[in-house]
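J.: Could you work out the structure for the sequence below:
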Amino acid sequence: MTENTIRVVIPLTVRRKNGRPKILPPADHGPAEARAQDAHVLRAIARAWNWRRKLERGEASTIADIAKADRVSDQYVGRTMRLAYLAPDVLEKLLIHRTPPSLSLNELVTASDLPWSDQLAAVFAISNDEK
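T.: Have a look, this model is predicted:
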């Protein structure tokens, strides 16, 4: 190996399961599900921002136009679009840090009605001291 080579060692275990090899993480490594962001939340936020941009650019004039184009109900579009107005701190934790919310998607939509100063505590179930 040359001087410029970096060697990375990851302690993994390979086990056979149902005749196929399966790579197992180290024992001290927590389950991936506990750290993973819900794909439905990320997808809903992305759709909300896409719909908001369409309205702002004039590509769609009403929520009904968006609903018709995406083959969903206008109530669904109106409710989901509220996610585009979440507080910047909440969006940063959800999208950049991939912190899973302590709320369901429907409760997250409802939390978007709160003032920005209250959303972080509501979405991630933290006290004002921890902010």
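
J.: For residue 89, give its distance to residue 123.
T.: For residue 89, the distance to residue 123 (CB to CB, to the nearest Å) stands at 9 Å. Bear in mind the C-beta positions are built from the backbone N, C-alpha and C, glycine included.

J.: For residue 92, the count of nearby residues, please.
T.: Residue 92 has 13 neighbours, counted by other CB atoms under 10 Å.

J.: nope, residue 73 is what I meant
T.: By the measure other CB under 10 Å, the count of residues near residue 73 is 13.

J.: Surely it and residue 64 touch.
T.: No - judged on CB atoms under 8 Å, residue 73 makes no contact with residue 64 at a distance of 9.6 Å.

J.: When residue 89 and residue 123 are compared, which one has more neighbours?
T.: More crowded of residue 89 and residue 123, by other CB under 10 Å: residue 123, with 24 against 15.

J.: Now the more buried one: which helix or strand?
T.: Secondary structure from DSSP states H and E places residue 123 in helix 116-124.

J.: go on, residue 14?
T.: strand 13-17.

J.: Identify, by residue count, the longest helix of the chain.
T.: Assignment by DSSP state H gives helix 39-57 as the longest helix of the chain.

J.: list the helices and strands that one packs on?
T.: Contacts defined by 3 or more CB pairs under 8 Å, 6 or more residues apart in numbering; DSSP states H and E place helix 39-57 against helix 63-70, helix 74-81, helix 105-111.

J.: redo that, cut-off 7 Å
T.: Using 3 or more CB pairs under 7 Å, 6 or more residues apart in numbering; DSSP states H and E, the elements in contact with helix 39-57 are helix 74-81, helix 105-111.

J.: Ranked by average pLDDT, which of these falls at the bottom?
T.: Ranked by mean pLDDT, the helices and strands packed on helix 39-57 bottom out at helix 105-111, with a mean of 91.

J.: What are the contacting residues of the strand holding residue 14?
T.: 21, 22, 23, 24 (CB atoms under 7 Å, 6 or more residues apart in numbering).

J.: Could you check the pLDDT of the third one?
T.: Put plainly, it is residue 23. 75.

J.: That one: neighbouring residues, count only.
T.: Taking other CB under 10 Å as the definition, residue 23 ends up with a neighbour count of 9.
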